[in-house]
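> coordinates only, sequence not included:
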């Protein structure tokens, strides 16, 4: 079993920055990548960014060049640095664990509790 615990999030003005963290515990054999999805009211959950244990990354088109994902393998923790935030980044952000192979990410059914990010204009 894998547990994901998120921290960070909150309220920020347009153009501001926030950092999210997600710490994983449990069987590290169950995944080789971690990352973030987000879901805004009335919208589908979408991929934000993921990173493999080897450092390979994938980003959603809407956050490229503004968000940076990184990880500390020793702590089994990933970080999402969000800069130049926009109102449309407002959503609940969920941590996820899965597998990355051949440049594609396959999320498993391991989710954090979600953390709210609100960007005020």
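Looks like it came in fine. These numbers were taken from a predicted model, which means no experiment stands behind them.
> switch to C-alpha atoms for all contacts and neighbour counts from now on
Noted.
> residue 88 in helix, strand or coil?
Classification of residue 88 by DSSP: H, G, I helix; E, B strand; the rest coil places it in helix.
> distance of it relative to residue 40?
9 Å (C-alpha to C-alpha, to the nearest Å).
> so which of those two has more stuff around it?
residue 40 (16 against 13; other C-alpha atoms under 10 Å).
> show me the contacts for that one.
90, 91, 92 (C-alpha atoms under 8 Å, 6 or more residues apart in numbering).
> hmm, try it at 6 Å
Contacts for residue 40 (C-alpha atoms under 6 Å, 6 or more residues apart in numbering) come out as residue 91.
> ditto for residue 99
Residue 99 makes contact with 31, 32, 33, 105, 106, according to C-alpha under 6 Å, 6+ apart.
> just among those, which is most surrounded?
residue 33 (26 neighbours).
> which residue packs closest to that one, ignoring adjacent ones?
residue 52 (4.0 Å; C-alpha to C-alpha, 6 or more residues apart in numbering).
> that older thread, tabulate the contacts of residue 99 (JSON lines), appending secondary structure, distance to residue 96 and pLDDT.
Converted to JSON lines, the contacts of residue 99 look like this (DSSP: H, G, I helix; E, B strand; the rest coil; distance: C-alpha to C-alpha, whole Å; pLDDT from 0 to 100):
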{"residue": "31", "secondary structure": "coil", "distance to residue 96": "10", "pLDDT": "89"}
{"residue": "32", "secondary structure": "coil", "distance to residue 96": "11", "pLDDT": "91"}
{"residue": "33", "secondary structure": "strand", "distance to residue 96": "9", "pLDDT": "95"}
{"residue": "105", "secondary structure": "strand", "distance to residue 96": "11", "pLDDT": "96"}
{"residue": "106", "secondary structure": "strand", "distance to residue 96": "10", "pLDDT": "95"}
